[in-house]
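Trainee: I would like the atomic coordinates for the input below:
(one chain, ligands or ions: 1)
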Amino acid sequence: MENFPSVLESISDLTKRQIDGLMELSQQIKLRPWHPISFPNKKPIIATSFLENSTRTKHSFEIAIHKMGCTYIDFIAETSSLKKGESLEQTLLTLFGQGVDLCIIRSAVSHELAQFKENPPLKIINGGDGTHQHPTQALLDLFTLKEMGIKLKGKTFCIAGDNIHSRVGHSLIDLLPMYGAKVLLFGPEEFLPPVTEESNFEITHSRSEALEKADILYLLRVQKERHSHLESIDMDNYHREYGFNLEMIESLQKKLPILHPGPANIGVEISDDLIHSQYYLGHEQVRHSTFLRMAIIQSILQNGDKSIGFKENTFFNN
Ligand code: ASP
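Mentor: Below is the predicted model of the structure:
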């Protein structure tokens, strides 16, 4: 794939053509999931470095790496020299010097990876940075919808819940309009961004309006770990006012697909009966995540960028 970025930080790093290419490659991989990658003269070495909790993203990348026949390094930030005050850049250059080709990084700090775009110390995939972006989640959601035969063009995609703190929501807002979807955000006022002239989404505080307009409903977890003490959401009332249950979905005159990036908080944004129903596609998202992440790994490893890391130091040789 032409010019695939060496640092995939945001959805905006990719063109529509590159995203279409990822969808096609993911489909091919789905048919042949053990998909060893050929790489000039060496077996690729790939590390994950998760500086925040993860179940799905970390493991699906790890499984993708194994299925591609690459060597996997689980870089544990907690026991690394990052804790001795080493910068992330020096840490990544160290991994590069040791032969690591690509690192998937999750950071609690929004935009932390932007500093690496100009001179990448290593190839990097953003595994989620603060409240900013989670591009591989949005891309796997798009892939899941395609594989489930759910069209986006002209459809209303409603993202419900803690929109303002959700990096997944932010990546979806950037991605979905490229495929002709209208984005509607639903939630309490504290969880919705302001609408400006440039906004490519609409907002509503009304759950019945959200249900009436939505063709696809995407639920978000309340991101408590990112709330400042100023935000006072009453969690006991949250489900009653902003959560969704099976009865609400069954009362509609349409089959409404329900997606969730996980982890879901049952009894908060989603009821127990809804998560166990046919409407819920969360497990399909997980199933499709590995194929899409394999396609991203292959595209980034094979992008032909030779300017990564540091050049051999020959200063003292002459
Ligand atoms: N797993 C997603 C993320 O890392 C969603 C969430 O945590 O609510 O952003």
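
Trainee: S49: what's it in contact with?
Mentor: Contacts for S49 were tallied using Cβ atoms under 8 Å, 6 or more residues apart in numbering; they are 75, 77, 103-106. In short, each C-beta sits where N, CA and C put it, glycine included.

Trainee: tell me which element R240 falls in.
Mentor: In the assignment (DSSP states H and E), R240 maps to helix 235-242.

Trainee: do the same with N3
Mentor: Here N3 is assigned to no helix or strand, by DSSP H and E.

Trainee: Same question for Q18.
Mentor: helix 16-31.

Trainee: go on, I104?
Mentor: Per DSSP H and E: strand 102-107 holds I104.

Trainee: strand partners of that strand, parallel vs antiparallel please.
Mentor: strand 45-50 (parallel), strand 123-129 (parallel) (DSSP bridges).

Trainee: possible to save those as CSV with mean pLDDT and distance to the ligand?
Mentor: Shown next, in CSV, are those (pLDDT from 0 to 100; distance: least, Cβ to the nearest ligand atom, whole Å):
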stretch, mean pLDDT, distance to the ligand
strand 45-50, 96, 10
strand 123-129, 98, 4
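
Trainee: partners of the residue lying closest to S10 once chain neighbours are set aside in the sheet?
Mentor: Spatial nearest neighbour of S10, excluding adjacent residues (Cβ to Cβ, 6 or more residues apart in numbering): Q133 at 4.5 Å. Applying DSSP bridges to Q133 gives these bridge partners: D129.

Trainee: Could I get the contacting residues of P135?
Mentor: P135 neighbours (Cβ under 8 Å, 6+ apart): 8-11, 13-14, 126, 171.

Trainee: Please narrow these to those residing in strands.
Mentor: Among the contacts of P135, the members found in strands (DSSP state E) are 8, 126.

Trainee: ok so, going back, so can I have CSV of the contacts of S49 showing pLDDT, distance to Q298 and neighbour count?
Mentor: Output for the contacts of S49, formatted as CSV (pLDDT from 0 to 100; distance: Cβ to Cβ, whole Å; neighbours: other Cβ atoms under 10 Å):
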residue, pLDDT, distance to Q298, neighbour count
F75, 92, 21, 19
A77, 79, 26, 17
C103, 98, 16, 24
I104, 98, 14, 28
I105, 97, 19, 26
R106, 96, 21, 24
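
Trainee: Which pair in these has the greatest spatial separation?
Mentor: Using Cβ to Cβ, these span at most 12.5 Å, a distance reached by A77 and I104.

Trainee: Tell me the one among the contacts of P135 nearest to the ligand.
Mentor: S171 (9.2 Å; Cβ to the nearest ligand atom).

Trainee: What parts of this structure come near the ligand?
Mentor: Residues of the chain lying near the ligand by Cβ under 6 Å from any ligand atom: 128, 134, 167-168, 221, 223, 261-262.
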